[in-house]
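1. take this sequence and fold it.
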Amino acid sequence: MTPTLLFAIADVEAVLLPILIQLGIIIVAARAFGILFRKVGQPSVVGEIAAGIVLGPSVLGRGFPHAFQAVFQPAVHGASTELLGWILTMLSQLGLIFLLFLIGLEFDFSHLRWHGRSALAISLAGIALPFALGFGLAYFMHERVAADVAPLGFALFLGTALSITAIPVLGRIMMELGITRTRLGTVTIAAAAVDDALGWILLAAIAAVVRHSFELGGTLLMVAETLGFCLLMVCVARPVLLAWARHSVRDGNVSVNTLVVLVALLFSCAIVTNLIGIFAVFGAFFLGAILSSASEFRTAVNRRLRDFVTAFFLPIFFTCSGLRTDVASLGSGELWLLCGLVSIVAIAGKFGGCGLAAWLSGYAVREAACIGALMNTRGLMALIVINLGKDLGVVPDSVYCMLILMALVTTAVTTPAVLRLMRGTELEPYIMNSEFIGGTKGRDRVNEETAASAHDAQC
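-> Below you'll find the predicted structure:
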């Protein structure tokens with residue numbers, strides 16, 4: 001073996017060691033915090049983001065700087081700290097692609113035949129109102145936190161960050177609550193999908209404005225390519241893929257060869273939407289959505305993929321988001337007040353816009369409120385907007401921290417709000433029967449209530 005090859009192998013092992021240490025700590029910490037937050041009525045994802053903040057510069061970096069430096073910023077021969085961070089980021093993005101595919105598999109189109117207009121109205125209202133509020137708030141905050149930044153670019157990015165809903169986080173909350181295939185759940189996830197699709201386009205257009213290179217033709221081309229991809233998948237690919245999916249299931253399981261083909265299809269769709277410019281995760285979601293009607297295939301694939309994606313990939317993404325957040329950037333009482341104001345405006349805009357649109361679309365008050373609470377969830381898209389804004393120089397460190405905390409707060413209030421608002425809606429029996437509430441205990445409670453209602457009716 002040549003000295004050059006030996007040196008290369010040594011470099012690989014030198015880079016691999018800190019990555020393995022980081023992954024081990026991240027996965028264990030994320031799981032521990034996820035379990036802890038579940039015990040206090042929060043979805044696991046909130047605990048995973050909190051784990052990242054605790055492991056990051058905000059807590060571990062301030063309380064134990066040497067330990068933080070040794071674990072997350074180690075000196076490695078042949079590799080920079082940025083390279084190690086890039087590797088974790090790529091792993092987290094792969095996890096999101098798989099998660100969006102699994103969420104798409106749970107998508108139930110049957111309700112959309114009757115509620116598609118409602119989903120569109122909810123999505124548009126849920127973008128317009130918080131964007132307008134965020135745009136106005138940005139001009140109020142500009143001189144205080146971003147005086148060196150162009151006010152228009154700052155306002156556009158703040159408005160966008162406040163106006164989006166995160167399908168990955170929302171989908172995971174809905175999975176834990178067991179409401180993905182309910183009427184309200186389907187309308188909500190459909191509205192969130194439209195929200196995210198519009199968000200990709202809005203984000204690309206705003207980035208072009210900030211770069212002083214906005215071209216209407218380029219944006220319209222991206223829209224046309226997106227519509228073309230969707231039409232091609234629905235009209236041409238869907239019949240073929242559904243036939244293949246149903247043929248691939250044997251005794252309730254899928255083979256390794258089927259999984260290989262599925263992963264290849266998944267990556268192909270992600271590549272196409274990445275090239276279009278609306279990000280890879282949208283292609284993954286759409287592939288899952290068009291396969292969702294193959295119920296046996298859906299169950300078999302979920303059995304194969306869901307646990308590993310949940311245990312390995314997702315904690316990396318949510319924890320890495322927290323690792324990049326430094327609460328010390330909010331160094332004054334005024335900045336903390338502005339941080340609170342950002343979260344209040346974000347909640348009021350999204351909950352108010354989506355809830356009002358749902359109510360005007362014919363949903364009962366509690367149902368509309370549940371939809372508004374679910375749509376208030378942030379996460380992936382917020383993080384994309386925040387990081388892009390930071391990379392372009394229009395989101396200062398203090399505002400970056402405010403927006404990360406906003407994403408955490410809005411996600412944290414979602415589940416408690418839904419649990420309070422669900423009573424009397426179709427969501428209640430599903431949530432009470434979910435693993436989140438306690439499985440058997442929830443089923444017993446639902447059965448007791450059903451029996452009591454039947455007895456009252458007989459009397």
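
2. tell me which helix or strand in this structure has the weakest average pLDDT.
-> helix 440-458 (a mean of 41; mean pLDDT, DSSP states H and E).

3. tally of neighbours for the residue nearest to residue 364 when sequence neighbours are not counted?
-> Excluding its sequence neighbours, the residue lying closest to residue 364 (CB to CB, 6 or more residues apart in numbering) is residue 425, at 7.4 Å. In this view, the C-beta of every residue, glycine as well, is placed from N, C-alpha and C. Residues within reach of residue 425, counting by other CB atoms under 10 Å, total 23.

4. test my guess that residue 383 contacts residue 408.
-> No: with contact defined as CB atoms under 8 Å, residue 383 does not count as touching residue 408 (10.6 Å).

5. show the subsequent helix or strand relative to the top helix by length along the chain.
-> The longest helix of the chain (DSSP state H) is helix 3-39. Using DSSP states H and E, the next helix or strand after helix 3-39 towards the C-terminus is helix 44-55.

6. what residue ranges in the stretch 301-450 of the chain score low on pLDDT?
-> Along the stretch 301-450 of the chain, segments meeting pLDDT under 70 span 321-322, 379-381, 384, 438-450.

7. can you give me the helices in it?
-> Here the stretch 301-450 of the chain has its helices, by DSSP state H, counting those that start in this stretch, at 314-323, 333-360, 365-375, 380-391, 397-421, 427-432, 440-458.

8. for the longest one, the distance to its chain's centre please.
-> Read that as helix 333-360. The chain centroid and the centroid of helix 333-360 are separated by 18 Å under CA atoms, centre = their mean, to the nearest Å.

9. now swap in stretch 43-58 and tell me
-> 15 Å.

10. state the mean pLDDT of that stretch.
-> The average pLDDT for stretch 43-58 rounds to 81.

11. stretch 30-37 now?
-> Taken as a whole, stretch 30-37 has an average pLDDT of 88.

12. which residues touch it?
-> Stretch 30-37 is contacted by residues 43-48, 50-52, 54, 311, 315-316, 318-319 when judged by CB atoms under 8 Å, 6 or more residues apart in numbering.

13. buried subset of those residues?
-> Neighbour-count burial (16 or more other CB atoms under 10 Å) applied to the contacts of stretch 30-37 gives 43-48, 50-52, 54, 315-316, 318-319.

14. before we move on, the earlier item: can I get the helices of the stretch 301-450 of the chain in a markdown table including distance to residue 277?
-> A markdown table is the format used below for the helices of the stretch 301-450 of the chain (distance: least, CB to CB, whole Å):
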| stretch | distance to residue 277 |
| --- | --- |
| helix 314-323 | 21 |
| helix 333-360 | 25 |
| helix 365-375 | 25 |
| helix 380-391 | 13 |
| helix 397-421 | 23 |
| helix 427-432 | 36 |
| helix 440-458 | 43 |
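
15. looking at those, which is closest to residue 179?
-> Closest approach to residue 179 among the helices of the stretch 301-450 of the chain (CB to CB): helix 427-432, 4.9 Å.

16. these two touch, right, residue 38 and residue 44?
-> Yes: between residue 38 and residue 44 there is a contact under CB under 8 Å: 5.9 Å.

17. how far off centre is the host helix or strand of residue 141?
-> Using DSSP H and E, residue 141 maps to helix 112-145. Distance of helix 112-145 from the chain centroid (CA atoms, centre = their mean) equals 17 Å.

18. packing partners for that helix?
-> helix 151-163, helix 183-210, helix 333-360, helix 365-375, helix 397-421 (3 or more CB pairs under 8 Å, 6 or more residues apart in numbering; DSSP states H and E).

19. those helices: which one's closest to residue 222?
-> Of all the helices and strands packed on helix 112-145, helix 183-210 sits nearest to residue 222, with 6.3 Å by CB to CB.

20. the nearest residue to residue 118 once chain neighbours are set aside: neighbour count?
-> Sequence neighbours aside, residue 361 is the residue nearest to residue 118 in space, at 4.0 Å (criterion: CB to CB, 6+ apart). Residues near residue 361, counting by other CB under 10 Å, number 19.

21. sounds good, over and out.
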